[in-house]
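Asks: sequence first, then the predicted structure, then my questions.
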Amino acid sequence: MTAQDKILYVANKLGLTSLQNMQASTGAVYDVDTEASGQIFSSATRHVNPSVANIADNQFEVNEALLIETVGFYGRIADGQGAAGQINNLQKTYGSNFVIVYDIIIGNKRVQKDTPVFGSGSPYCFATNAIGLSTFVEEENDLTYSPRHQVYSEAVGILIPPQVQFYVEYRLFNVVTGAQIAISNDAQIGCYLYGTKVLLNFNTSI
């Protein structure tokens with residue numbers, strides 16, 4: 001079953017028959033937990049800066065949907081700090097033993113629960129492990145990395161339908177001691193959801 005087939009299947013179950021006249025392409029949404037609340041996307045309405053979020057609400061419009069294929073996490077230096085807005089090496093703040101454990105909530109359902117993404121190890125996609133692939137700048141001998149090579153977790157087949165609120169909950173743990181780690185206000189954590197996105201097809205909608 002293709003990504004488009006999955007989107008249409010869910011849309012038909014929801015009675016959204018107009019989606020069959022739409023076109024699909026790759027797309028992504030991202031947001032940052034600027035309040036250290038442990039939730040991402042739920043406060044997107046308060047974020048108007050493109051360096052923080054690219055959505056104005058945590059739900060899609062009538063003819064818009066996203067089939068999630070990758071869930072990624074990255075660090076962002078908080079406003080008011082040196083090099084504010086830049087991508088931050090999360091291992092520098094939380095150490096190499098930390099793990100992000102997250103849930104994805106769509107509507108009132110947890111569609112992905114207690115999923116861990118590790119700060120180090122295989123696949124090599126986090127912080128300094130990605131030095132061969134990532135673009136970086138040097139700020140007083142501190143390296144910052146592109147978010148596309150930060151932590152990611154495959155999540156193929158999760159559909160966010162139109163007009164349904166969604167958000168991500170996350171917790172930080174030390175994988176050696178099992179202790180929960182407090183979220184830093186200085187090194188904010190962001191999340192992006194990447195996959196197949198349904199957009200308006202102007203050939204059929206105008």
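Replies: The structure has been received and is ready for your questions. Residues are numbered from 1 along each chain as shown.
Asks: hey, let's count contacts and neighbours off CA atoms from now on
Replies: Fine.
Asks: stretch 34-48: which residues count as buried?
Replies: In terms of neighbour count (16 or more other Cα atoms under 10 Å), stretch 34-48 has its buried residues at T34, A36, G38, Q39, I40, F41, S42, S43, A44, H47.
Asks: and the strands in the protein?
Replies: Here the chain has its strands, by DSSP state E, at 23-33, 39-40, 65-77, 87-88, 98-106, 109-118, 136-139, 142-145, 151-160, 166-174, 180-181, 187-199.
Asks: one step back: lowest pLDDT pick from the buried residues of stretch 34-48?
Replies: Ranked by pLDDT, the buried residues of stretch 34-48 bottom out at H47, which has 85.
Asks: for that residue, which residues are in contact?
Replies: A53, A56 (Cα atoms under 8 Å, 6 or more residues apart in numbering).
Asks: same thing with F98?
Replies: By Cα under 8 Å, 6+ apart, F98 lies in contact with Q91, F118, G119, L172, F173, N174, V175.
Asks: rewinding a little: just name the closest of the buried residues of stretch 34-48 to A28, please.
Replies: Nearest to A28 among these: F41, at 12.7 Å, using Cα to Cα.
Asks: leaving out the residues flanking it, which one is nearest to V176?
Replies: Spatial nearest neighbour of V176, chain neighbours left out: N97 (6.6 Å); criterion: Cα to Cα, 6 or more residues apart in numbering.
Asks: give me the phi and psi for that neighbour.
Replies: phi -90, psi 10 (degrees, to the nearest 10).
Asks: surely it meets T177?
Replies: No. Judged on Cα atoms under 8 Å, N97 makes no contact with T177 at a distance of 9.1 Å.
Asks: the two: which is more packed in?
Replies: N97 (16 against 9; other Cα atoms under 10 Å).
Asks: now for this structure, the helix or strand with the poorest mean pLDDT.
Replies: When the helices and strands of the chain are scored by mean pLDDT, DSSP states H and E, strand 142-145 comes last with a mean of 45.
Asks: so where's the chain uncertain?
Replies: By pLDDT under 70, the weakly predicted segments of the chain are 1-4, 6-8, 10-24, 80-85, 119-156, 199-206.
Asks: now with 90, please.
Replies: The chain contains residues with pLDDT under 90 at 1-28, 44-52, 61-99, 115-159, 161-163, 175-176, 184-192, 194-206.
Asks: check contacts around the residue lying closest to D33 once chain neighbours are set aside.
Replies: Spatial nearest neighbour of D33, chain neighbours left out: I40 (5.2 Å); criterion: Cα to Cα, 6+ apart. Taking Cα under 8 Å, 6+ apart, we find I40 in contact with D31, V32, D33, Y167, V168, E169, G190, C191.
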